[in-house]
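Enquirer: Kindly return the folded structure for what I paste below:
(2 chains)
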Amino acid sequence: MATTTIKPKKYRSKKTSDLINKIATYTFMIILSIIILYPIAITVLSAFKAGNTTAFALDFGGQFTLASFERLFAESDYLRWYGNTLLIAVITMSFQVAVVTLAGYAYSRYRFTGRKNSLTFFLLIQMVPTMAALTAFFVLALLLKSLDQPWFLTVIYIGGGIPMNTWLMKGYFDTIPRDLDESARIDGAGHLRIFWQIVMPLAKPMIAVQALWAFMGPFGDFMLAKFLLRSPENMTLAVGLQTFISNPRDQQVTLFAAGSILIALPICILFFLLQKNFVSGLTSGGTKG
Amino acid sequence: MNEKQHLGTKHSRKAGLLSIIPGLGQMYNKQIGKGIIFLAIFALFILFSVTFGVQAIAGLITLGTEAGRDHSMFMMVEGTLALILYGIFLIAYGINIYDAFSVGRLRDYGIKTATSLKENFSNAWEHGFPYLLTMPAYILMAFVIIFPVLVTIFMAFTNYDLYHTPPASLIDWVGFENFFKLFTQASWRQTFFDILGWTFIWTIFATIFSIVLGITVAIVSNQSFIKGKRFFRIIFLLPWAVPAFITIMTFSNMFNDSVGAINTQVIPFFNNMLPFLELTSLPWKTDPFWTKVAVIMIQTWLGFPYIFVMVTGVLQSIPGDLYEAANIDGASGWQQFRKITLPMILFATAPVLITQFTFNFNNFSLIYLFNAGGPGNIGGGAGSTDILISWIYKLTTSGTPQYAVAAAVTLLISSFTILVAYIGFKRSNAFGNEDMM
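Expert: Model (predicted):
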């Protein structure tokens, strides 16, 4: 008797708790979405505002114009900064991907003296903050008379990413079965042939991810660029954009917003296109901060 | 090798000894071409020493003797470069002796060795291929990572600051003085430990919050009944996709005390919605406590998507029959979560914990771009939300630079992060079954 009265009660409470769970879940996800979208939305809206405001705010009223974009191109060095950053990014990407792919392949496929120790070294050296090198870079730049020279910054970008990316690249190569190159070797293929024709084509997804990271690095770096580039015409986007809002008395918020959109949009598109690839790259490569 | 008899010759020893002058050992082994190459490298070494090397190393030791004429900092940099190049020569020298010795050994056993340069090259190609592949990486790292790290280490033991700025005056070696300063001199010690304390609080909270939020979001949004998963996923990934410096600068503007959106829009909105709350505007950028709250919240916002993606991957890889079996055994939802889901997640996120921790420990851009380490001044040029890394930046770039102290702090935190990472990776077994293949 007692069990029959409890059973329907239990059933009903299961149903209501499911409903509560559903409501709670959606509420949580929607609130989180609002928190994420709020700052992004006000940046986007500000970019299309007329005139200049000193602060961001979510405001759908008022006129929408492209005036900020026009001012950005006509009155500021924005296009120049974009060109500088693109050039630095493309050079960084090409060299770093080449170097890292070669090294990662060597660490994955060959067993040589010093291999394990140097791998540990790679893993640890990537933990040294860039800050540790700041003063040294500065003095070296003075010595080479290359302060304010984009090439100097580019070399640092290329070299700085090597340890970690080699490690990730190696992790990916490790997931490509070795039987493939072994059988090619038996068939008489040389080192280069195995690398170019057998393993490389299979590693393309990871190479694409590496390229994306290397490319995005100069877009996202603020510290080094700020420290080593001085004149406005040599600046990269991050440093240049900061000049719009670094002066508390003269904040060019609409300009900043317009400039930000033109950076964030292409990067977001690249990010979402390659997203699947680099998530798997991350998990197979093991570690990334 | 077993089939071959030792012939009683002493080629290995002779060749090894002869190659004290590089190349001679190889020539003794009748590998003339190879010998010439080693000899040429040796000649290059002598040329380098005469024109640059010896003088540069001497400069590194003295750091200049006459102010105005000698530029101590350049001498240190040149000396460090020479040191690295000498290191490379030393490796080549070791290879030279090893090569002569091992070829001589083969001859001792009567094994025919390649003598022509062409054969030697193809030999080197066959066995040295991995070294060839890693060479560019090492060369770049030698100059972009190892060189500046060495300079920083050296600098930490000098008195390089505003009053010792070349070329007007010389820099001197002072031993551990900078480190003593940090730990014993009252004003320095106070600043150093204040910043150290906040750095740890910041690192721990920022890391834990992003991880907890990331895991929560992953679990919540992975429930099967949810519609529009792809849509939500795109939104949740946005903080990761948008370049961080843009969002940080935007937040910096939004948290402005008087005109920022948080105080002028968000808080009034809550007051309208829930009249009994009566929130007041908060001093986000002028009160240390609220600035600290703000930077931790912002880092949580920025950092959780990465964890979310990782954990979602883990959740989707847990085999479904595990839950089925648990169901049959009568485990409740909570039990399943605690005994299956959570351990899997924690296992997979353990290494991420380390990288997130070291990342936040050195998260310069957030602290600097949000409020430049401010508000206020807690001595040593540092603001109340400065973490060690942004303090170093200020020490180096301020009007009264303290390069040497900055270098000493850099050394301390670098050793600390490396230690944490090393222990962490050892434990999480980053090398794991790496040699099983």
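Enquirer: Which residues lie in contact with the nearest residue to B:Ala261 once chain neighbours are set aside in this structure?
Expert: Of all residues not flanking B:Ala261 in the chain, B:Met254 sits nearest, at 4.4 Å (Cβ to Cβ, 6 or more residues apart in numbering or on different chains). To be clear about C-beta, it is placed using only N, CA and C from the backbone, and glycine gets the same treatment. Each residue near B:Met254 by Cβ atoms under 8 Å, 6 or more residues apart in numbering or on different chains is listed here: A:39, A:42, A:55-56, B:260-262.
Enquirer: try B:Arg338
Expert: Contacts for B:Arg338 were tallied using Cβ under 8 Å, 6+ apart; there are none.
Enquirer: ditto for the one 4 residues further on
Expert: In this structure, B:Leu342 makes contact with no residue, judged by Cβ under 8 Å, 6+ apart.
Enquirer: So which residues on the stretch 301-437 of chain B come close to chain A?
Expert: Contacts of the stretch 301-437 of chain B with chain A, taken as Cβ under 8 Å from any Cβ of the partner chain, map to B:301, B:309-310, B:313, B:351-352, B:354-356, B:358-359, B:362, B:364-365, B:368-369, B:389, B:392-393, B:396-397, B:403, B:406-407, B:410-411, B:413-414, B:417-418, B:421-422, B:425, B:430-431, B:434-435, B:437.
Enquirer: By proximity to chain A, which residue of chain B wins?
Expert: B:Val144 (2.6 Å; Cβ to the nearest Cβ).
Enquirer: For the residue in the stretch 51-200 of chain A that chain B sits nearest to, give me its contacts.
Expert: The nearest approach of the stretch 51-200 of chain A to chain B comes at A:Gly159, 2.6 Å away (Cβ to the nearest Cβ). A:Gly159 sits next to B:140-141, B:143-145 when contact means Cβ under 8 Å, 6+ apart.
Enquirer: Can you add neighbour count and secondary structure and give those back as a markdown table?
Expert: Output for the contacts of A:Gly159, formatted as a markdown table (neighbours: other Cβ atoms under 10 Å in any protein chain shown; DSSP: H, G, I helix; E, B strand; the rest coil):
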| residue | neighbour count | secondary structure |
| --- | --- | --- |
| B:Leu140 | 22 | helix |
| B:Met141 | 22 | helix |
| B:Phe143 | 16 | helix |
| B:Val144 | 20 | helix |
| B:Ile145 | 21 | helix |
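Enquirer: On the three-state scheme, the closest residue to B:Ala404 other than its chain neighbours is what?
Expert: The shortest distance from B:Ala404 to any non-neighbouring residue, by Cβ to Cβ, 6+ apart, is to B:Tyr160 (4.4 Å). Of the three states, B:Tyr160 takes coil under DSSP: H, G, I helix; E, B strand; the rest coil.
Enquirer: Count residues in the vicinity of B:Tyr160, would you?
Expert: 29 (other Cβ atoms under 10 Å in any protein chain shown).
Enquirer: is it true that it touches B:Met73?
Expert: Yes - if you go by Cβ atoms under 8 Å, B:Tyr160 and B:Met73 touch, sitting 7.1 Å apart.
Enquirer: list residues touching both of these two?
Expert: Taking Cβ under 8 Å, 6+ apart as the contact rule, B:Tyr160 and B:Met73 both touch B:Ile171.
Enquirer: picking up where we left off before, pLDDT value on the residue lying closest to the residue of chain B closest to chain A once chain neighbours are set aside, please?
Expert: Nearest non-adjacent residue to B:Val144, counting by Cβ to Cβ, 6+ apart: A:Gly159, 2.6 Å away. For A:Gly159, the pLDDT comes out at 90.
Enquirer: In a helix, A:Gly159, correct?
Expert: Yes - counting by three-state DSSP, A:Gly159 is located in a helix.
Enquirer: Tell me how far it lies from A:Lys145.
Expert: Taking Cβ to Cβ, to the nearest Å as the measure, A:Gly159 falls 20 Å from A:Lys145.
Enquirer: same check, this time on A:Ile40
Expert: 42 Å.
Enquirer: Neighbour count: those two, which is higher?
Expert: Higher neighbour count among A:Ile40 and A:Lys145: A:Ile40, with 20 against 9, using other Cβ under 10 Å.
Enquirer: Number of residues surrounding residue 150?
Expert: Just going to use chain A. Other residues within reach of A:Pro150, judged by other Cβ under 10 Å, total 20.
Enquirer: wrong one, chain B
Expert: 20.
Enquirer: can you pull out the strands in the chain?
Expert: Here I'm looking at chain A. Counting by DSSP state E, chain A forms no strands at all.
Enquirer: Contacts (any at all) between chain B and the longest helix along it?
Expert: Taking DSSP state H as the assignment, the helix of chain A that covers the most residues is helix A:2-47. Yes - residues of helix A:2-47 are located near chain B by Cβ under 8 Å from any Cβ, namely A:21-22, A:25-26, A:28-29, A:32-33, A:35-40, A:42-43.
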